[in-house]
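[1] Fold the following.
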Amino acid sequence: QQTLPSQPPGRRQPQQPHVPPSVSEEPGGRGRQRGLQRLQISAGFQELSLADRGGRRRDFHDLGVNTRQAIEHVQESKTGSSGIMIKLTTNYFRLTSRPQWALYQYHVGYSPEMEARRLRSALLFQHEQLIGKTHAFDGSILFLPKKLGNKVTEVFSRTRNGEDVKITITLTNELPPTSPTCLQFYNIIFRRLLKMLNLQQIGRNYYNPSDPISIPNHRLMVWPGFTSSILQYEESIMLCTDVSHKVLRSETVLDFMYSLYYQVEEQRFRDACAKELIGLIVLTKYNNRTYRVDDIDWDANPQCTFKKADGSEISYVDYYKRQYNQEITDLNQPVLISQSRRKRGSMMPGPVVLIPELCFLTGLTEKMRNDFNMMKDLAVHTRLPPEQRQREIGRLIDYIRKDDNVQKELRDWGLSFDSNLLSFTGRVVQGEKILQSGNVFDYNPQFADWSKETRGAPLICAKPLDNWLLIYTRRNYDIANTLLQNLFKVTPSMGIRMNKATMIEVDDRTEAYLRVLQQSITPDTNIAVCVLSSSRKDKYDAIKKYLCTDCPIPSQCVIARSLSKPQTAMAIATKIALQMNCKMGGELWSVEIPLKQVMVVGIDCYHDTLSGKQSIAGFVASLNQTMTRWFSRCAVQSRGQELVDGLKACLQTALRDWYKWNKYLPSRIIVYRDGVGDGQLNTLVNYEVPQFLDCLKSVGKDYNPRLTVIVVKKRVNTRFFAQSGGALKNPPPGTVVDVEVTRPEWYDFFIVSQAVRNGCVAPTHYNVIYDTSKLKPDHIQRLTYKLCHMYYNWSGVIRVPAPCQYAHKLAFLVGQSVHREPNLLLSDRLYYL
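    Okay, here's the model as predicted:
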């Protein structure tokens, strides 16, 4: 194989790479440090470090957060009653244990002290007759399905060197089936079962590499797999499992570097590699593990050596040949560095060194996602309709039931799974009427879309286009002119009064656009519309940054290609006119909101992980009774910080603006908090909610509004299937579930709000973590569903309440393009749509 021209990846002679010593045992990251401080629990079942860690998966960190006990009015019941009953099936299976089942936890001590976990295990299992074949051991904690004769048992073992070791096994806990430790234990046992079925763990999920789906025309491979989680739900402990797919590309990182080398100038090659590769997840097929690329070391190459645990040196080439039988052919390539994110105990594992030639790219690039044909071909295999999805989920339980080894393992622990998916009754609440400037529209709730019904109807508040700019390049003059003519056709029926735009031709360069904007915008300019010849991010970012900060006016960027098809030109002009109207402070439609004096807030976070920039929290609050006008502001935070420190300033300004609009303060505030990761619930309850309460106190000592805080979670594995004449289909929009699959310690519910054309609809999970409103569950659920109708960028119902989606759009624009807080002069408009 040729090397990259003029050896671009790594030119220097082999030398000791600049890699911290903790890489020592294995560049692929599987090595164990043998020092006392560095005892790592190895892969597989030994992940069990339950003693001090509380499990490895972040979703278990939310286990102990009981928010329902502090909310008085839902102590007895948190279920609603409105709506029509509907029979549902879901992707949950009950886990059953034999009567009086308990898990026995023991501490195992060694005298003299033994450091190596493998040695500890070997010494303990010399006494298999005593402890039995069924056990789980992580080096210090032992779990058994039975009780030993004595509370403290002492036994003796002998090492290969003839050294006698006393082992003390002390019963520390008798755990009931519902204890948090047991729940973590079930998940570990279940992962053990999946391994017995030869499924490979990648990230949190398990995949079947022996049953790949090939998509050759796009050079993609899809591994089918499963997500799994066992938790305590309302009535029982259940396994929630869903299908998952891992998309693998058939090109290695080295292939990618080669193709990049021929696309960019040589001096920009390394920067381009860093920009494209850092942050990506790669798969090493020799051990089926995934790693995040954190750096590229251009000073190292495969001929460099590293120290093994025994002190001997070996080159990467020889190491991979001996350990994995992998031939490395390009000896000049650089190496990739992956910083392990896992903290085991107090130990921070060091970086992992990877060879580009052995790393396969996973996931999809932005270019791939924008390739309609590719996404369509991929969706055939990954977007499964309800019937097919249910069959695939059922296959996992079939595998478990038919595998003798798996069944024996379950029997030995005294556990079993139901063979049927859980069925129960949900409710469908009625669809909303769309109110638009005196007109009332009904829409077909099955489609959750009213664009046809409201076409040509006047808007609630139409802002005039008196003085506006239309900026275009010479080759896009015809497209810009056609857009102008189409806007003249569609705006009258909306009630938008429109003058001819000031049309300005520019060179197709970022500086030219900025210069024209600087020269042409006056205090009277309503909006600037820029027709862009391509979707180049730098140009878009520069325009948005200038018009959101230095010269705050609403702006609309349109890519010329999207306007070039005559058959869609009018529909697109309609959408652009609606968007422009919102950005200038107009209002499109509303739904009936029976609650009075209520301010609704949406919060979401965006993390700019690639460039290491700050995190952005978008904060959006309603300003009027009909929830058609919104206050928008963002808080810029230090990198990776999820919880919003700038909340106080945002809420104080929002309340000030509300007062200007209404001449009184809201008596209720309902906050929808999106963008909360697993394991962060505790921090939210103990840190963010008190910030809200502090802020409300600071408004005035007599001001004591009722506060509700609801965590919104889109990334859930729960799926519901409606039973319809023996077949399964997606549940209709407005389906509410607050029984069976909700959690007893939370005031939570699911809503299916949107309709989908392909695949399975995903519900959204809502968890009310703080509530002094005393509103009935029915009312909170109905308000939540109503707000899913109020997002002005889509004439239909969306997956989350409108303020959450607005907050997401705001945080995304600032995080992607503006990179600093926008000017507050824009805060009363939806300028980021």
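
[2] For residue 82, which three-state class applies?
    Three-state assignment for residue 82 (DSSP: H, G, I helix; E, B strand; the rest coil): coil.

[3] Spell out the secondary structure type for residue 177.
    Residue 177 ends up coil, using three-state DSSP.

[4] ok, so what distance separates it from residue 62?
    In this view, residue 177 and residue 62 are 19 Å apart by CB to CB, to the nearest Å. (Each C-beta comes from the backbone N, C-alpha and C, glycine too.)

[5] cool, residue 433 as well?
    Where residue 62 is concerned, residue 433 sits at a distance of 38 Å (CB to CB).

[6] Which of those two has more residues huddled nearby?
    Counted by other CB atoms under 10 Å, residue 433 and residue 62 do not tie: residue 62 has more neighbours, with 22 against 14.

[7] How about the more buried one: what's its closest non-neighbour residue?
    Among residues not flanking residue 62 along the chain, residue 681 sits closest, at 4.4 Å (CB to CB, 6 or more residues apart in numbering).

[8] sec struct for the residue minimising distance to the centre of the chain, please.
    Among the residues of the chain, the one closest to the centroid is residue 715, at 5.7 Å (CA atoms, centre = their mean). Using three-state DSSP, the three-state assignment for residue 715 comes out as coil.

[9] Let me see the backbone angles for it.
    Dihedral pair for residue 715: phi -90, psi 80, per degrees, to the nearest 10.

[10] send the alpha carbons of stretch 701-718 over as PDB?
    What follows is stretch 701-718 as a C-alpha-only set of coordinates in PDB (Å, rounded to 0.1, in the frame of the first residue of the first chain):
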ATOM      1  CA  LYS A 701     -41.600  39.900  49.400                       C
ATOM      2  CA  ASP A 702     -45.300  39.900  48.600                       C
ATOM      3  CA  TYR A 703     -44.800  38.000  45.300                       C
ATOM      4  CA  ASN A 704     -45.400  34.300  45.800                       C
ATOM      5  CA  PRO A 705     -46.600  32.700  42.500                       C
ATOM      6  CA  ARG A 706     -47.300  28.900  42.300                       C
ATOM      7  CA  LEU A 707     -44.400  27.200  40.600                       C
ATOM      8  CA  THR A 708     -44.400  23.900  38.600                       C
ATOM      9  CA  VAL A 709     -41.100  22.500  37.100                       C
ATOM     10  CA  ILE A 710     -41.500  19.700  34.500                       C
ATOM     11  CA  VAL A 711     -38.500  17.800  33.100                       C
ATOM     12  CA  VAL A 712     -39.100  16.900  29.400                       C
ATOM     13  CA  LYS A 713     -37.300  13.900  28.000                       C
ATOM     14  CA  LYS A 714     -37.400  13.000  24.300                       C
ATOM     15  CA  ARG A 715     -34.700  10.300  24.300                       C
ATOM     16  CA  VAL A 716     -36.700   7.500  25.800                       C
ATOM     17  CA  ASN A 717     -36.800   3.800  24.700                       C
ATOM     18  CA  THR A 718     -40.500   3.400  25.600                       C
END
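
[11] Tell me the buried residues in that stretch?
    Across stretch 701-718, burial judged by 16 or more other CB atoms under 10 Å covers 705-713, 717-718.

[12] What are the buried residues along stretch 440-454?
    Buried-residue list, stretch 440-454, by 16+ other CB under 10 Å: 443, 445, 448-450, 454.

[13] care to break this structure down by domain?
    21-35+198-387, 44-61+98-176, 462-583, 598-715+765-826 (automatic domain parsing).

[14] Relative to residue 88, which of these is closest?
    domain 21-35+198-387 (11.0 Å; CB to CB).

[15] which two in the buried residues of stretch 440-454 are spaced the farthest apart?
    Among the buried residues of stretch 440-454, 445 and 454 lie farthest apart (CB to CB), at 15.2 Å.

[16] Single out the most deeply packed of the domains of the chain.
    domain 598-715+765-826 (a mean of 20; mean count of other CB atoms under 10 Å).

[17] for the stretch 601-750 of the chain, what spans make up the helices?
    647-662, 681-683, 689-699 (DSSP state H, counting those that start in this stretch).

[18] Would you mind giving the ones you listed as a markdown table with distance to residue 314 added?
    Conversion of the helices of the stretch 601-750 of the chain to a markdown table gives the following (distance: least, CB to CB, whole Å):
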| stretch | distance to residue 314 |
| --- | --- |
| helix 647-662 | 53 |
| helix 681-683 | 44 |
| helix 689-699 | 53 |
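
[19] Now tabulate those helices in CSV and tack on mean pLDDT and distance to residue 136.
    Converted to CSV, the helices of the stretch 601-750 of the chain look like this (pLDDT from 0 to 100; distance: least, CB to CB, whole Å):
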stretch, mean pLDDT, distance to residue 136
helix 647-662, 94, 43
helix 681-683, 89, 27
helix 689-699, 91, 37
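
[20] And these: which comes nearest residue 98?
    helix 681-683 (32.6 Å).

[21] Where does the prediction get shaky in the protein?
    In the prediction, the chain carries residues with pLDDT under 70 at positions 1-61, 341-349, 608-613, 639-645.

[22] Next secondary structure element downstream of the longest strand anywhere in the chain?
    The longest strand of the chain (DSSP state E) is strand 237-252. For strand 237-252, the following helix or strand on the C-terminal side (DSSP states H and E) is helix 253-261.

[23] Does that next one pack against any helices or strands, and if so which?
    Packed against helix 253-261 by the contact rule (3 or more CB pairs under 8 Å, 6 or more residues apart in numbering; DSSP states H and E) you find helix 269-277, strand 359-362.

[24] among these, which is nearest residue 320?
    Nearest of the helices and strands packed on helix 253-261 to residue 320, taken as CB to CB: strand 359-362 at 11.7 Å.

[25] chain center to that closest one, what's the gap?
    21 Å (CA atoms, centre = their mean, to the nearest Å).

[26] How about residues contacting whichever helix or strand comes after that strand?
    Reading on from strand 359-362 to the C-terminus, the next helix or strand found by DSSP H and E is helix 366-369. Identification of contacts with helix 366-369 by CB atoms under 8 Å, 6 or more residues apart in numbering yields 218, 374-375.

[27] can you state the direction angle for the helix or strand just after helix 366-369 and strand 237-252?
    Using DSSP H and E, the helix or strand that follows helix 366-369 towards the C-terminus is helix 372-382. Following axes from the mean of the first three to the mean of the last three CA atoms, to 10 degrees, one obtains 140 degrees for the angle between helix 372-382 and strand 237-252.

[28] Would you mind pulling up the elements that the helix or strand just after helix 372-382 packs against?
    The helix or strand immediately downstream of helix 372-382 is helix 386-402, counting by DSSP H and E. Applying 3+ CB pairs under 8 Å, 6+ apart, we find helix 386-402 packed against strand 220-232, strand 237-252, helix 404-413, strand 415-417, strand 720-724, strand 727-729.

[29] Figure out how far the longest one is from the centre of its chain.
    The gap between where strand 237-252 is centred and where its chain is centred comes out at 14 Å by CA atoms, centre = their mean.

[30] That one vs helix 386-402, what angle?
    Using the same axes, to 10 degrees: strand 237-252 against helix 386-402 is 100 degrees.

[31] and strand 237-252, which strands flank it?
    The strands that strand 237-252 pairs with in its sheet are strand 92-97 (antiparallel), strand 220-232 (antiparallel), strand 359-362 (antiparallel) (by DSSP bridges).

[32] Please apply the same query to the fifth one.
    Strand partners for strand 720-724, identified by DSSP bridges, are recorded as strand 84-90 (antiparallel), strand 727-729 (antiparallel).

[33] Can you show me the CA trace of the first one as PDB?
    Pointing back at strand 84-90 there. C-alpha atoms of strand 84-90 as PDB (Å, rounded to 0.1, in the frame of the first residue of the first chain):
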ATOM      1  CA  ILE A  84     -61.300   8.100  25.400                       C
ATOM      2  CA  MET A  85     -59.800   4.700  26.600                       C
ATOM      3  CA  ILE A  86     -57.500   2.900  24.200                       C
ATOM      4  CA  LYS A  87     -55.900  -0.500  24.400                       C
ATOM      5  CA  LEU A  88     -52.100  -0.300  24.200                       C
ATOM      6  CA  THR A  89     -49.200  -2.700  24.100                       C
ATOM      7  CA  THR A  90     -45.700  -1.600  25.000                       C
END
